[in-house]
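1. whatever this is, show me its structure:
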Amino acid sequence: MNNSDLEKNTIPYSELSEKYMQDKEFQKEYLNISLEEYLTDGDFNKFYKSLETVIKSRESISSFAKKVNIERANLYTLFNGQKVPRLDTIAKILKELGYTIHVA
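-> Predicted coordinates:
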């Protein structure tokens, strides 16, 4: 199979990603994995990027910011890794996304 045939028969990653990101159960699992990775490696930036990805798959950052009563600029600062948010900020974001944390 040559490259042209392969391209015709392959779904681009971006399209596949967009399709799956529309499923709220997939979004929750995506956030679970991201949170587990954060707890393992301590990399806030990857976790924040996953929050941004889920939010953008649902609506604009501006409309989400209004819902959670957080300045849009503050969300972008968080997503760009320029600021570490307070726990209550993360809790607001996760709550609005319908994400609940269960402690064992």
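2. count of residues packed around Q82?
-> Neighbours of Q82 under the rule other CB atoms under 10 Å: 10. In this view, the C-beta of every residue, glycine as well, is placed from N, C-alpha and C.
3. mind exporting the helix or strand I93 falls within as PDB, just the C-alpha atoms?
-> Here I93, judged by DSSP states H and E, is contained in helix 87-96. Only the C-alpha atoms of helix 87-96 are listed here, as PDB (Å, rounded to 0.1, in the frame of the first residue of the first chain):
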ATOM      1  CA  LEU A  87      -7.400  24.000  45.100                       C
ATOM      2  CA  ASP A  88     -10.800  25.700  45.100                       C
ATOM      3  CA  THR A  89     -10.200  26.900  41.600                       C
ATOM      4  CA  ILE A  90      -9.500  23.400  40.400                       C
ATOM      5  CA  ALA A  91     -12.500  22.200  42.300                       C
ATOM      6  CA  LYS A  92     -14.800  24.700  40.600                       C
ATOM      7  CA  ILE A  93     -13.500  23.700  37.200                       C
ATOM      8  CA  LEU A  94     -13.800  19.900  37.800                       C
ATOM      9  CA  LYS A  95     -17.300  20.400  39.300                       C
ATOM     10  CA  GLU A  96     -18.500  22.300  36.300                       C
END
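4. run the chain-centre distance for it.
-> Relative to its chain's centre, helix 87-96 lies at 13 Å (CA atoms, centre = their mean, to the nearest Å).
5. just checking, what packs against that helix?
-> helix 44-58, helix 61-68 (3 or more CB pairs under 8 Å, 6 or more residues apart in numbering; DSSP states H and E).
6. quick check, K24 in contact with Y99.
-> No - in this structure, K24 is not within contact of Y99 by CB atoms under 8 Å, at 9.8 Å.
7. columns mean neighbour count and mean pLDDT on top of the helices and strands packed on helix 87-96, output as TSV?
-> Shown next, in TSV, are the helices and strands packed on helix 87-96 (neighbours: other CB atoms under 10 Å; pLDDT from 0 to 100):
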stretch	mean neighbour count	mean pLDDT
helix 44-58	18	90
helix 61-68	15	94
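8. rebuild these as JSON lines, extending it with distance to Y76.
-> Shown next, in JSON lines, are the helices and strands packed on helix 87-96 (distance: least, CB to CB, whole Å):
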{"stretch": "helix 44-58", "distance to Y76": "9"}
{"stretch": "helix 61-68", "distance to Y76": "7"}
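9. nice, that's everything, thank you.
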